[in-house]
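# quick one, fold the following:
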Amino acid sequence: MSASDPIAEMLTRIRNAQAARRPTVEVAHSRLKSELARVLKKEGFIADYTSEALGARKLLRLYLKYGPDEAPIIRGLRRVSRPGRRSYVGADKVPRVLNGIGMAILTTSSGLMTDRQARRARLGGEVICHVW
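Predicted coordinates for the structure are as follows:
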């Protein structure tokens, strides 16, 4: 299955898996998706992720995280920059999601990073998504 926006597909799969209370979700592997999973794990939004080879294809398996009352840790995911409308920001315009409760994920010249890391490094870039 070929998607015109693979990042939006990944975010939708995470949303749908959490609504169904699934422990894991599988998405097609890419370097960008793997880096996105790394940032989500580092910030505590997912428990873990693994990359697995299935024949000629590679899959990225995300282990979702739930709270003590079985509520998903990720309350919301929103794709910001889309293939038809890219969203770039300068170092002084990096967005703050829900006054710092959530985070924005950006691609910068130094790789994928959160809004806090981009502000600290004084870098701008393409805003991939918001997570809260």
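
# only C-alpha atoms for contact and neighbour calcs from this point on.
OK.

# what is the neighbour count of the nearest residue to T50 once chain neighbours are set aside?
Excluding the flanking residues, the one nearest T50 by Cα to Cα, 6 or more residues apart in numbering is R61, at 5.2 Å. Here the number of neighbours of R61 (other Cα atoms under 10 Å) works out to 19.

# then R22?
14.

# from A47, how far off is it?
Using Cα to Cα, to the nearest Å, R22 is found at 13 Å from A47.

# return every residue with contacts to both of the two.
L64 (Cα atoms under 8 Å, 6 or more residues apart in numbering).

# low-confidence ranges in the protein?
The chain contains residues with pLDDT under 70 at 1-2.

# any idea which residue of it is furthest from its center?
No residue in the chain sits farther from the centre than G55, which is 25.8 Å out by Cα atoms, centre = their mean.

# and the spatially most central residue of the chain, what element?
Centrality entry for the chain: nearest residue to the mean C-alpha point is L36, 4.5 Å, by Cα atoms, centre = their mean. Assessed by DSSP states H and E, L36 sits inside helix 31-42.

# contacts for the following helix or strand past that helix, please.
For helix 31-42, the following helix or strand on the C-terminal side (DSSP H and E) is strand 46-54. With contacts defined as Cα under 8 Å, 6+ apart, strand 46-54 is touched by 29, 37-38, 40-41, 58-65, 73.

# helix or strand right after the longest helix anywhere in the chain?
Ranked by number of residues, the top helix in the chain under DSSP state H is helix 6-19. Downstream of helix 6-19, the first helix or strand assigned by DSSP H and E is strand 24-28.

# list the pairing partners of that next one within its sheet, with orientation.
strand 57-64 (antiparallel) (DSSP bridges).

# in the partner strand, what's buried?
L59, L60, R61, L62, Y63, L64 (16 or more other Cα atoms under 10 Å).
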